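1. Build me a model:
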Amino acid sequence: MKHLIKTFLIGGLAGFMGAYVFINVIPLNQEQEKPLSKQFTNELSVEEDRPNFVDFNDSRGFSEMPSFVEAAKVSTPSVVYIKTASRNQRSYTWFDMFFGGEGYENKVIGSGSGVIFSKDGYIVTNNHVIAGASEIEVIHNKRTYKATVKGTDPSTDLALLKIEADNLPFVKIASSETVNVGDWVIAVGNPFNLTSTVTAGIVSAKGRNINILDSQFPIESFIQTDAAINPGNSGGALVNLRGELVGINTAILSKTGSYAGYGFAVPSDIVTKVVTDLKQYGQVQKAFVGADVLEVTEEVYKELNLNDIAGVIITYIEPDGAADKAGLRRGDVILKINGKPVNSKSSFDEQMSYFKPGDKVNIQYSREGKMGEKQITLTNIDGTTSIVKREVYKAESIGAELEVVPKAERAKLNIESGVRIAKINSNRGLIAQMGIEEGFIITSINNRMIEEPRELADILERIRGRVIVKGVTKNGQKGYYSYYF
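-> So this is what the prediction gives:
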């Protein structure tokens, strides 16, 4: 131990002396070399001949370092701790099977963060934080509230919760358009159950697509930051130096599952649009251009002999869709939407996410080297300009909420009919017992096509024996469930 202390002292003293020599000896050497420098150099002044160094006794060099105190003070009260509980599929022992026991189920506990959006208790978090949860609690200022889900949007991984409370400290919101690469930001959340943790970093990039969302129509245009984000930060706030929200922390890129320098947040402008729609309509109003697009990369640029590596190229036009009616063609390269540049597929998706069905947008494009502009009236997923209000059928008998799959989505999935499991309300209901997950689209039961929610519920209530449920997973893969009643 004495040897260890001695080594540490010697090492520390050597380090200090090294620092002292570096800071102080070099200026002295420069003063001694002045005449020599002048003899050999006529063009450079003595001051220009000095190497750059920092005088640590002079605090002026650090006067521009930002303080995060105000941002933390303003934003921390509006970030909440979220606890969830979900139950695994019920398991049965041999005793239960022979003697009619109820079996057992394990409760799975999860946690995350959320941001208070209004003083009357609306809270934003990530969809993956509360997905599949049977119980959701919000903890704020040492008080615990039961939360209800007002709406979710898997395409942006956002969810809107509501608690019964008044005069809550809600977050101030800044437009994510004002955020620049290199700006200071802080992340506020509850990593590893450490409540109200604040970390700082900069905006490393904007418009990142990291392919993590398995929604049918994912919108990925993340703000990337090197502020430390860890498990438990999901749903927390990314704020600027004024404490204003610029994003909702959502994901990290890591081989270990912990912070590795790459964090990603949903831009605040997307968050605001999603929250507004969920409060007003119960679902997000998605606008469609009626075309599939592909980012123009160097490979695409060379293969198609385009004029520039910019924009997104139209690869498919939906017959009689919005783009088709406006006169756009396959092969057109979209360069701007309402005057804003489209530099990637993610920027195209982000700009489209701000509109709703019926909105008119101006598309600037390039066709065979010539510039053009078209005005397009955007549609909903069914190809009309109507606002879509979510219609959910609550099938209490099977413990789930069901909804019809829109026509355009059915066409994209190549299915004739289908009913989606929008939410599982009871862990003892038939849907939960069968192990069917939320988001699964049931297309048939024992080869009988399913078209309406009530029809699905009636069949499952009456059916006995072996059941084969076919359908499509929420990421578009076809599959089936087998169960014996």
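
2. how much space is there between Gln224 and Glu244?
-> 19 Å (Cβ to Cβ, to the nearest Å). In short, each C-beta sits where N, CA and C put it, glycine included.

3. With Lys73 instead?
-> 13 Å.

4. Comparing Gln224 and Glu244, which residue is more hemmed in?
-> A count of neighbours by other Cβ atoms under 10 Å puts Gln224 above the other of Gln224 and Glu244, at 22 against 18.

5. and the closest residue to Pro66 other than its chain neighbours, what is it in contact with?
-> Distances taken as Cβ to Cβ, 6 or more residues apart in numbering place Trp184 nearest to Pro66, at 5.2 Å, with adjacent residues excluded. Neighbour list for Trp184: 66, 68, 200-202, 240-241 [criterion: Cβ atoms under 8 Å, 6 or more residues apart in numbering].

6. which among those gets closest to Ile363?
-> Nearest to Ile363, judged by Cβ to Cβ, of the contacts of Trp184 is Asn240 at 31.8 Å.

7. Wait, that closest one touches Ala174, no?
-> Yes - at 5.8 Å, Asn240 counts as touching Ala174 under the criterion of Cβ atoms under 8 Å.

8. how about the closest residue to Asp120 other than its chain neighbours, secondary structure?
-> The spatially closest residue to Asp120, leaving aside those adjacent along the chain, is Asp166, at 6.2 Å (Cβ to Cβ, 6+ apart). Following DSSP: H, G, I helix; E, B strand; the rest coil, Asp166 is assigned to coil.

9. now do Met352
-> From three-state DSSP, the assignment for Met352 is helix.

10. what about the nearest residue to it once chain neighbours are set aside, neighbour count?
-> Nearest residue to Met352, sequence neighbours excluded (Cβ to Cβ, 6+ apart): Ala287, at 6.0 Å. Neighbourhood size, Ala287 [other Cβ under 10 Å]: 21.

11. separation between Ala287 and Lys273?
-> On the measure of Cβ to Cβ, Ala287 and Lys273 end up 10 Å apart.

12. try Ala310
-> In terms of Cβ to Cβ, Ala310 sits 26 Å off from Lys273.

13. give me the beta-bridge partners of Ala205?
-> Bridge pairing for Ala205 (DSSP bridges) gives the partners Gln224.

14. could you measure it against Ala265, distance?
-> With Cβ to Cβ as the criterion, Ala205 and Ala265 are 11 Å apart.

15. what do these two both touch?
-> With Cβ under 8 Å, 6+ apart as the test, Ala205 and Ala265 both reach Ile223.

16. Overlap in contacts, Ala287 and Lys273.
-> By Cβ under 8 Å, 6+ apart, no residue touches both Ala287 and Lys273.

17. returning to what we had before: which residues are common contacts for Asn240 and Ala174?
-> With Cβ under 8 Å, 6+ apart as the test, Asn240 and Ala174 both reach Val246.

18. Compare those two (neighbour count), which wins?
-> More crowded of Asn240 and Ala174, by other Cβ under 10 Å: Asn240, with 22 against 18.

19. Now do the same contact list for the more buried one.
-> 71, 174, 179, 183-185, 246 are the contacts of Asn240 under Cβ under 8 Å, 6+ apart.

20. ranges for the helices of this protein?
-> 2-20, 26-32, 34-40, 46-49, 69-75, 94-99, 127-130, 268-281, 298-303, 322-326, 345-353, 407-413, 430-433, 453-462 (DSSP state H).
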